[in-house]
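[1] Structure here, sequence nowhere to be found:
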């Protein structure tokens, strides 16, 4: 195996792993938005806050590694060299930027509001409005996450679909 083909094999494997991880992350965000958020919004505020307080650590433990792992793999796929001629690299860079944007939404909005839900410090009459805002932010980051996944899949395809022999056209 030549150095170039070994490099392509590593880059292809990381690109494939990035696409898989971003697919899991996007799917989890879609499920959260389509299943959990409507259920949360249907609950009385006190019940929602009680449920959230009991499950916030589980949500973070589930979504955190998916989103961080997907972003990390996307960044790695974007910086690894592609053979031949950088096939798919721009798509992986795009995927990485989008995946990092998904992560960026946490400190911009979600960290503070999630903490207020978990601690029950938000006033009960503000819960419904905040959940509506939370839902809007969530669907925005979900759309970005789906776009990151799509870019990674297109990057895998452009770089040969995991075939060390070259791009698949």
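    Yep, it's here. None of the values given here were measured: they were computed from a predicted structure. Residues are numbered from 1 along each chain as shown.
[2] CA atoms for contacts and neighbours, from now on please.
    Noted.
[3] low-confidence ranges in this protein?
    Applying pLDDT under 70 to the chain picks out residues 1-8, 81-87, 161-169.
[4] can you give me the helices for it?
    For the chain, helices defined by DSSP state H occupy the ranges 3-31, 37-42, 45-79, 89-105, 111-119, 124-158.
[5] want to throw the ones you listed into JSON lines with mean neighbour count?
    Putting those into JSON lines (neighbours: other CA atoms under 10 Å) gives the following:
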{"stretch": "helix 3-31", "mean neighbour count": "21"}
{"stretch": "helix 37-42", "mean neighbour count": "15"}
{"stretch": "helix 45-79", "mean neighbour count": "18"}
{"stretch": "helix 89-105", "mean neighbour count": "22"}
{"stretch": "helix 111-119", "mean neighbour count": "16"}
{"stretch": "helix 124-158", "mean neighbour count": "20"}
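[6] what residues are up against residue 137?
    residue 109 (CA atoms under 8 Å, 6 or more residues apart in numbering).
[7] let's see it at 10 Å
    105-106, 109-110, 131 (CA atoms under 10 Å, 6 or more residues apart in numbering).
[8] For residue 134, which non-adjacent residue is closest in space?
    residue 110 (7.6 Å; CA to CA, 6 or more residues apart in numbering).
[9] Go ahead and confirm the one you found touches residue 131.
    No - look at residue 110 against residue 131 with CA atoms under 10 Å: they stay out of range, at 11.1 Å.
[10] Can you check which residues contact both of the two?
    Joint contacts of residue 110 and residue 131 (CA under 10 Å, 6+ apart) are 137-138.
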